[in-house]
Every structure is written in C-alpha cells, then in structure tokens.
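# below is the structure, and that's it, no one-letter string:
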C-alpha cells in the first residue's frame, strides 16, 4: 500500500513538473527566431501599439492590445523579443495581459525585464475568445 501511494505521489510530482515547464508555451510550441506566435493569423483579430523604454532593471515594453473582433479575448499572452543587428533573438519574454480584452476595445500590457538591445519585436503569443453563454454551440 505504501509503495503504491509513493508511486502515485511520484507520478503527480513528475506531472506537476511537466506542467510547470510548459508555462508560457502554448500547445508545446516555444518562441524562437522564426516562431513568434502559437496562433497564426492573430493579426486578423488584434493590433498592437507599444514602445520600449530603458529601465534600471532592464528594458520594458508598455503598450495596448486592440481587439478588432466582437468577442472578448481571455488568457492573452504577449511575446516580446529583443533582436540584435542581424535580427537574431537575444532575449525574449512572454507576459500575460491582465483580465480580458473586450471586443472592439483595448487593454494595457507590460513586458518588463528584457535585456537592453537596439530593436524589439512584439506579437500576440496566445489567446482564447470568450464564448457567450447564448452563442450557438458547434
């Protein structure tokens, strides 16, 4: 009995470690020089307006995400990547947009603690549209 409990507990610890390792990665996809989003075509639904500022703790990106779609978006993540002169990624960070991004509206975001560099690239990494309870089910 004790051995089965230990095995089950060990499996749960390994499962927890695997889930924790996926933080910031949508569906097992990781950002890179060529992978800037987990959801292709995000530009159809969203627009970003942002600026980078040097801070004592590293560069910070502040901006707004604009939702061009009628439904609210939740679980929105922003990917900010610092690029070198050749366009290679030298630093990157994924940050959550707090709350939801209402349909036809905007929400503020901040990505802090990036390594200072001359150029940045910012994209929507992941999101989910909120389904209305009255919407037809597929």
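That came through, no problem. In this text the structure is predicted, and so the values were computed from the model without any measurement.
# residue 98 and residue 33, how far apart?
As for residue 98, its distance to residue 33 is 28 Å (criterion: CB to CB, to the nearest Å). All C-beta spots, glycine's among them, are computed from the backbone N, C-alpha and C.
# any idea of the mean pLDDT for stretch 96-110?
Per-residue pLDDT values across stretch 96-110 average out to 98.
# how long is that stretch end to end?
Taking CA to CA, to the nearest Å, stretch 96-110 runs 8 Å from one end to the other.
# return the set of buried residues in it.
Neighbour-count burial for stretch 96-110 flags 97, 100-101, 106-107, 109 (criterion: 16 or more other CB atoms under 10 Å).
# okay if I get those residues as CSV plus distance to residue 67 and secondary structure?
Below are those laid out as CSV (distance: CB to CB, whole Å; DSSP: H, G, I helix; E, B strand; the rest coil):
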residue, distance to residue 67, secondary structure
97, 10, coil
100, 9, coil
101, 4, strand
106, 7, strand
107, 8, strand
109, 12, strand
